[in-house]
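J.: Got a sequence here, can you build the structure:
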Amino acid sequence: MTFWKENALSMTRRHFFGRGAKGIGSLALGSMLQKDLFSEPSKKTFGALNALHFAPKAKRVIYLFMSGAPSQLDLFDPKPKLVQMNGKPMPESFTKGQRIAQLAGKKLVCVGSKFRFMKHGQSGAELSELLPHTATIADEISLVRSVHTDAINHDPAVTLIQTGGQQPGRPTMGAWLSYGLGSENSQLPTFVVLTSGGGQGQPLLSRYWGSGFLPSSHQGVEFRSQGEPILFVSNPEGVSQSSRRSLLDGLNDLNQLKLKEVGDPEIDARIQSFEMAYRMQTSVPDLMDIRQEPKKVIEQYGAEPGSPSFANNCLLARRLVERGVRFIQLYHRGWDHHNNLPSNISLQCQQTDQASAALIKDLKQRGLLQDTLVIWGGEFGRTPMNQGDMTRGNYGRDHHMKSFAIWMAGGGIKPGVTIGTTDELGYNPVQDTVHINDLQATMLHCLGVNHEKLTYRFQGRDFRLTDVGGKIIKKILI
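T.: Below is the predicted model of the structure:
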């Protein structure tokens, strides 16, 4: 300060730029060495949160969502009594006064699983013969058999598990994490979506990874595993990178003027989305090229470079984790088995079992599982009662909201445990019941966030992911 007071009047323009260049150079060097050196502290790591509420076990989440609802009775919850009652009437004491989807008003008949269950690992987790690869990670996962939901049909059930409420318009889990925790990589979105199983089962709606009433910069970005990774991000033919940069700079100036005039946060979100798209032009193609992976790793996942598949997406999820992406959502369609369940569920397990297990093993081998939370499951379960043709060992199962199973691993989850039990026919949970909001609260807890304190005011109310519910599932936490 003394120097400037004494020399401000006598310093020439040439002297000023000559001396100032040294300072500018050091600023530039610092910026290159640490990209967020001059960011606001509250924005560097925690997004809208000034600090985490407690020490986190997980930094990121991979959610393997099985769209259509896998049958827990054929994969995770063996019921010998149900097998014994195969073809017999379902006791009315279980179903009287209960909500039933497509079986309402029809004769209800018990149907036991035709698949064998065996115990695996030191934990003794009982898993179906359809899951030989998942069986090899039995001591890494925490199996929850007593999850229940409030929705009996697909869309409201998916909406509930993704947003905490059945009505559309609320932010999804990935959007909440993007808003609350921010990003660890400025070159990639905080929330990435990968889909597989196209042409099978229920449609996937883009609002399942939407930002709801949060700024649109927090919505999920869908990456495609075949063709152009992200639609409309690449420059059109004849447009150079320098031309695109010049165009974006002009748009940015105009948007900044409008932002100062009206203060609409969506204008800022638009500016951010344009800049992110520009940066992804260089970061995404390299990320999506799984041919760079060793042959052994590709074979471990059962992946096929160039062909869209769940296996490819699991491998991509690991690559995204390595690059600091906060929330990665994989959707795999084809689990809605109202009829022909034995053959259809066998096909789905062939498409997903190996890669799901490979992901856990790969993350662990690389030291990433300890701070990456992995979740596997669908939107609800399937009934103990038959639906469809039951001849020649065939059967199907309707939607079931009362009980279903998920598994979790890594990121603060206790390995090798099974919690929750259902009744002898697998209709109702009878111990350690877990609601969807409990699952969401537990996920946030693993990330160091108190689910009651991550809120956003909208239309005069403070909203949160867990709505007005949510209890932490303490039995599965380390």
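
J.: measure the residue lying closest to Thr136 once chain neighbours are set aside to Cys349 for me?
T.: With C-beta to C-beta, 6 or more residues apart in numbering as the measure, Ala357 is the residue that lies nearest to Thr136, at 5.8 Å, once sequence neighbours are left out. The way it works is simple: take the backbone N, C-alpha and C, and place the C-beta from them, glycine included. Counting by C-beta to C-beta, to the nearest Å, the separation of Ala357 from Cys349 is 11 Å.

J.: what's the answer for Pro189, then?
T.: For Pro189, the distance to Cys349 under the criterion C-beta to C-beta works out to 30 Å.

J.: Between the two, which is the more surrounded one?
T.: Neighbours were tallied for Pro189 and for Cys349 using other C-beta atoms under 10 Å; the higher tally belongs to Pro189 (28 against 23).

J.: so what's the closest residue to the more buried one other than its chain neighbours up against?
T.: With C-beta to C-beta, 6+ apart as the measure, Val221 is the residue that lies nearest to Pro189, at 4.2 Å, once sequence neighbours are left out. With contact set as C-beta atoms under 8 Å, 6 or more residues apart in numbering, Val221 has these partners: 189, 191-193, 230.

J.: so Val221 bridges to which residues?
T.: Beta-bridge pairing for Val221 (DSSP bridges): Val192.

J.: Confirm that Leu315 sits in a strand.
T.: No. For Leu315, which was evaluated using DSSP: H, G, I helix; E, B strand; the rest coil, the result is helix, with no strand membership.

J.: Pretty sure Glu424 sits against Pro78.
T.: No. Checked against C-beta atoms under 8 Å, the pair Glu424 and Pro78 is beyond contact range at 11.0 Å.

J.: okay, those two: which has more neighbours?
T.: Ranked by neighbour count (other C-beta under 10 Å), Glu424 and Pro78 place Pro78 first, with 21 against 15.

J.: What about the closest residue to that one other than its chain neighbours, how many residues nearby?
T.: Distances taken as C-beta to C-beta, 6+ apart place Phe117 nearest to Pro78, at 3.9 Å, with adjacent residues excluded. Summarising burial for Phe117: neighbours were counted as other C-beta under 10 Å, giving 20.

J.: What distance do you get for Phe117 to Leu251?
T.: Distance check for Phe117 against Leu251: by C-beta to C-beta, it reads 59 Å.

J.: Check Thr95 too.
T.: For Thr95, the distance to Leu251 under the criterion C-beta to C-beta works out to 59 Å.

J.: what ranges of the chain fall below the confidence cut-off?
T.: Across the chain, the stretches falling below the confidence threshold (pLDDT under 70) are 1-46, 225-227, 231-233, 275, 277-278, 280, 282-283.

J.: Let's see that with 80 instead.
T.: Judged against pLDDT under 80, the low-scoring parts of the chain cover residues 1-46, 198-201, 225-249, 265, 269-285.

J.: Which stretches in the stretch 151-300 of the chain count as strands?
T.: With strands called from DSSP state E, counting those that start in this stretch, the stretch 151-300 of the chain shows them at 191-196, 221-223.

J.: Next, format these as TSV and append distance to Leu315.
T.: Listed next are the strands of the stretch 151-300 of the chain as TSV, based on distance: least, C-beta to C-beta, whole Å:
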stretch	distance to Leu315
strand 191-196	10
strand 221-223	12
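
J.: which one of the ones you listed has the most crowded surroundings?
T.: Among the strands of the stretch 151-300 of the chain, ranked by average contacts under mean count of other C-beta atoms under 10 Å, first place goes to strand 191-196 (a mean of 24).
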